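[1] after the sequence you'll find the predicted model.
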Amino acid sequence: MSKLNALIAGSTGYIGIQLIKLLIKHPNINIKYLCGNTSKGKSIDTFDKSIKKNLPRIIKFSNKLLKNVDLVFTALPNGEAQKLSNNLLPNNILIDLSADFRLKSIKEYLKWYKIKHSSKNNIKNSIYSLPEFSKKIINKYKIISCPGCYPTSILLPLLPLIKSNLINPNGIIVDSKSGYSGAGRGVHKKYADKNLYESLSAYAVGFHRHNSEIEQELNNYTGKKVKFSFTPHLSPMFRGILSTIYVDLKGKSSINKINSKLKNFYKDHFFVKIKPINKFISTNDVINTNFCHISVCKSKFKNKIVILSVIDNLIKGGAGQAVQNINNYYGFDIKKGLI
């Protein structure tokens with residue numbers, strides 16, 4: 001097939017830059033437009049010197065550009081992709097990396113994001129697309145909503161285990177630590193008093209926006225009312241997420257059954273790797289890749305286990321997930337643009 005033409009809106013942020021780097025390598029995609037507001041007229045290598053490919057200069061987004069592209073990637077602030085979605089043409093597929101189409105309830109979206117949704121009718125045309133779970137139905141939708149970075153690291157290990165009744169759906173504790181790139185380019189101003197490079201900070205304790213997304217997907221997929229506590233932390237590293245998840249075993253479940261279930265569930269999913277029991281893993285294992293590594297570890301309590309999950313927040317938790325979704329949508333080799 002001929003190459004798919006792509007437009008990237010929000011091309012100069014951390015996620016936008018990472019997306020460009022991946023799409024450059026994709027043999028089936030041509031980057032036709034790079035869009036931005038304050039960066040209009042600049043070359044993308046102004047923002048990242050490692051991008052050597054000759055790409056179009058950054059222009060301001062206009063609806064007239066939509067007629068010339070197949071794929072519209074949005075790495076924009078929350079609220080912007082929903083506006084853009086109202087002008088999509090029949091030939092466009094929207095791949096959104098913001099939160100605009102993650103929540104199916106407009107009331108929940110307003111509650112957590114303090115924005116009144118301006119594209120309610122398009123919510124039904126969208127899919128929350130964690131690639132390992134949406135592959136078979138993704139091409140029925142015109143709007144692909146990519147999960148958040150924290151939820152990706154949490155949902156991948158928990159969904160199969162809760163669904164199969166191997167762990168207690170109540171009392172789950174999630175402690176996640178992220179590189180500061182997850183807060184975007186404005187992180188240095190936003191956390192000017194936090195000494196980003198030498199300190200570890202908890203934030204949004206109990207009320208991080210991703211709570212709503214995690215709860216929605218856990219409940220919808222498992223058919224259970226899942227209760228969990230989630231605390232995010234900003235870590236003195238640029239990229240990567242480590243989620244440490246504390247769960248209670250259910251019934252006759254055991255650490256061996258847990259590990260076997262995860263290995264069997266993900267045996268045909270290239271980008272999820274289940275490590276040996278008690279394997280200590282780190283973000284360094286997955287940096288600059290689209291992989292998620294998961295390790296099941298013993299607890300000092302007989303009826304509890306600790307699950308470790310690591311991803312690169314900019315790739316598996318962001319741009320890589322977007323590319324993986326496109327590969328699923330068009331039936332491309334899952335590794336294209338990602339290996």
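    Arrived safely.
[2] and the helices in the stretch 201-339 of the chain?
    Assigned helices in the stretch 201-339 of the chain, in chain order: 210-222, 255-265, 320-330 (criterion: DSSP state H, counting those that start in this stretch).
[3] with just CA atoms, put the second one into CSV.
    Output in CSV follows, covering the C-alpha atoms of helix 255-265 (Å, rounded to 0.1, in the frame of the first residue of the first chain):
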residue,chain,number,x,y,z
ILE,A,255,2.6,-16.6,43.5
ASN,A,256,3.3,-19.4,41.0
LYS,A,257,-0.3,-19.2,39.7
ILE,A,258,0.0,-15.5,39.4
ASN,A,259,3.2,-15.6,37.4
SER,A,260,1.9,-18.4,35.2
LYS,A,261,-1.3,-16.5,34.5
LEU,A,262,0.6,-13.4,33.3
LYS,A,263,3.1,-15.5,31.2
ASN,A,264,0.3,-17.3,29.5
PHE,A,265,-1.9,-14.2,29.0
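[4] mind listing what the spatially closest residue to Q18 that is not a sequence neighbour touches?
    Excluding the flanking residues, the one nearest Q18 by CB to CB, 6 or more residues apart in numbering is A319, at 4.0 Å. For the C-beta atoms, the positions are set from N, CA and C on the backbone; glycine is no exception. Applying CB atoms under 8 Å, 6 or more residues apart in numbering, we find A319 in contact with 15-16, 18-19, 21-22, 75, 97.
[5] so for I137, which of the helices of the stretch 201-339 of the chain sits nearest?
    Smallest distance to I137 across those (CB to CB): 9.7 Å, for helix 320-330.
[6] how is the chain carved up into domains?
    4-147+317-330, 150-313 (automatic domain parsing).
[7] for the longest one, give the mean pLDDT please.
    Domain 150-313 shows a mean pLDDT of 93 in the predicted model.
[8] the shortest one too?
    Per-region confidence: domain 4-147+317-330 scores 96 on mean pLDDT.
[9] got the contact list for the closest residue in space to G148 that isn't next to it in sequence?
    Sequence neighbours aside, H210 is the residue nearest to G148 in space, at 5.0 Å (criterion: CB to CB, 6+ apart). Counting by CB under 8 Å, 6+ apart, H210 makes contact with 148, 150-151, 230, 232.
[10] helices along the stretch 1-150 of the chain, start to end?
    14-25, 80-85, 106-113, 120-123, 131-134, 149-163.
[11] now those helices in a markdown table, with distance to F238 and mean neighbour count?
    Below are the helices of the stretch 1-150 of the chain laid out as a markdown table (distance: least, CB to CB, whole Å; neighbours: other CB atoms under 10 Å):
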| stretch | distance to F238 | mean neighbour count |
| --- | --- | --- |
| helix 14-25 | 9 | 22 |
| helix 80-85 | 25 | 22 |
| helix 106-113 | 26 | 16 |
| helix 120-123 | 34 | 14 |
| helix 131-134 | 24 | 22 |
| helix 149-163 | 13 | 25 |
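[12] adding distance to I8, write these out as JSON lines.
    Shown next, in JSON lines, are the helices of the stretch 1-150 of the chain (distance: least, CB to CB, whole Å):
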{"stretch": "helix 14-25", "distance to I8": "6"}
{"stretch": "helix 80-85", "distance to I8": "12"}
{"stretch": "helix 106-113", "distance to I8": "22"}
{"stretch": "helix 120-123", "distance to I8": "20"}
{"stretch": "helix 131-134", "distance to I8": "19"}
{"stretch": "helix 149-163", "distance to I8": "18"}
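[13] make CSV out of the helices of the stretch 201-339 of the chain and add distance to K135.
    As requested, those are exported to CSV (distance: least, CB to CB, whole Å):
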stretch, distance to K135
helix 210-222, 14
helix 255-265, 14
helix 320-330, 5
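[14] tell me which of those helices sits most buried.
    helix 320-330 (a mean of 24; mean count of other CB atoms under 10 Å).
[15] ok, residues contacting it?
    Contacts for helix 320-330 (CB under 8 Å, 6+ apart): 4, 18-19, 22-23, 26, 28-29, 71, 73, 93, 95, 97, 129-131, 134-135, 138-139, 144, 146-147, 152, 271, 289-290, 312, 314-315, 332-338.
[16] which of these are buried? Put it as a ChimeraX command.
    The ChimeraX command for the buried members of the contacts of helix 320-330 (criterion: 16 or more other CB atoms under 10 Å) is given here:
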select :4,18,19,22,23,26,28,29,71,73,93,95,97,129,130,131,134,135,138,144,146,147,152,271,289,290,312,314,315,332,334,336,337,338
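[17] just the ones in strands from the contacts of helix 320-330, please.
    Assigned to strands by DSSP state E, the following of the contacts of helix 320-330 qualify: 4, 29, 71, 73, 93, 95, 144.
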